[in-house]
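>>> Sequence and predicted structure below; questions after.
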Amino acid sequence: MIKTALVVEGGGMRSVFTAGVLDTFLDHGYDPFDLFIGSSAGTLNLSAFIAGQKKYSLRLINHLAKSTTFVDWTRFIKGGNAMELAELHDILALHDPIDLIQATRRLNSRPFVITSCDKLKGQASYQNAEPSRWFRQIIASCALPIVFRPGVKLGNDIHIDGGLVDPIPVKKAVDLGANNIIVIRTRTRQWVEKLSLLERVWTQPLLQVKFQ
C-alpha cells in the first residue's frame with residue numbers, strides 16, 4: 001500500500017515559495033497525502049494548507065516582513081528578545097486566525113507532525129498537532145535560539161526551532177510508514193550553507209550535544 005507524505009522545510013521569509021506551491025495545490029484540489037510533517041516556518045505553511053486557507057501564508061509572511069516590532073535588535077541589545085513570537089501567536093490565534101475547526105476536519109485523522117527541538121536534550125521532538133495547543137506547537141518549532149531567548153514550554157520541556165535538528169524530516173516520514181514522499185524545499189538541490197564569521201560565532205553553542 002502506498003503511503004504518501006508531504007514534508008515541508010522552514011526557511012523564514014524564503015518559505016513564501018512554499019506558500020505559492022501549496023496554494024497551487026489548493027487551486028487544483030491536490031491532496032493525496034496520508035501524513036504531513038514540517039519544521040519551523042514549514043509548520044505555518046502546512047497549517048494554512050491543511051485548513052484550506054489559500055493566500056493565508058502569503059498574507060502572514062508579508063505582515064511579518066513589514067512589521068517594525070516582530071524583529072527588533074534594539075530590544076535584543078537591551079536584554080529582550082530580538083524576535084517577538086507573541087506577535088506571531090496573536091496573528092495565528094486572534095487577528096487573522098488559522099481555522100482549526102476546518103483544519104481538523106480536513107485532516108480527518110491524518111497525522112500532522114510538528115518538529116521542534118528539545119532544548120535540554122538537544123534532540124528532535126515530533127509531536128502530532130493538537131487543536132488545544134496547535135499554535136503553541138508552531139511557535140515552539142519557530143523559536144530560534146538567541147533571538148528568542150526563553151524557548152517555548154510544551155508539557156514539562158522547553159522547545160526551540162525544529163530546523164536546528166531536523167530541517168527536512170524525511171527520515172521521520174519514512175519511520176511513520178511513508179513510501180512515497182514529496183518534499184517542498186526553499187533552496188536548490190545544489191545549495192551549500194556558508195556561514196559568515198559572525199554567524200559561526202553565534203551558532204557555535206548550538207553545535208554542542210545539549211542546548212543549554
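Thanks, I have the structure now. Source: prediction; values computed, not measured.

>>> can you pull the buried residues of stretch 69-86?
By neighbour count on 16 or more other CB atoms under 10 Å, the buried set for stretch 69-86 is Phe70, Val71, Asp72, Phe76, Asn81, Ala82, Met83, Glu84, Leu85. In this view, the C-beta of every residue, glycine as well, is placed from N, C-alpha and C.

>>> same question, stretch 163-176
Those would be Gly163, Leu164, Val165, Asp166, Pro167, Ile168, Pro169, Lys172, Ala173, Leu176, for stretch 163-176 by 16+ other CB under 10 Å.

>>> ditto for stretch 137-146
With burial defined by 16+ other CB under 10 Å, the residues of stretch 137-146 counted as buried are Gln137, Ile138, Ile139, Ala140, Ser141, Cys142, Ala143, Leu144, Pro145.

>>> Then stretch 29-42?
By 16+ other CB under 10 Å, the buried positions in stretch 29-42 come out as Phe33, Asp34, Leu35, Phe36, Ile37, Gly38, Ser39, Ser40, Ala41, Gly42.

>>> next one: stretch 111-128
112-119, 122, 124-127.

>>> Give me the distance between the two termini of that stretch.
In stretch 111-128, first residue to last residue: 6 Å (CA to CA, to the nearest Å).

>>> pLDDT of it, averaged?
Stretch 111-128 shows a mean pLDDT of 95.

>>> Let me see the backbone angles for Leu85.
Leu85 adopts backbone torsions of phi -70, psi -20, taken as degrees, to the nearest 10.

>>> do you know how far it is from Asp31?
If you measure Leu85 against Asp31 using CB to CB, to the nearest Å, the figure is 29 Å.

>>> With Phe49 instead?
Going from Phe49 to Asp31 by CB to CB gives 8 Å.

>>> tell me, what's touching the two both at once?
Contact criterion CB atoms under 8 Å, 6 or more residues apart in numbering; residues shared by Phe49 and Asp31: Phe25.

>>> if we can go back for a sec, just the buried residues of stretch 29-42: which are in helices?
Ala41, Gly42 (DSSP state H).

>>> Out of the buried residues of stretch 29-42, which comes closest to Val152?
Ranked by distance to Val152 (CB to CB), those are led by Ser40 at 12.4 Å.
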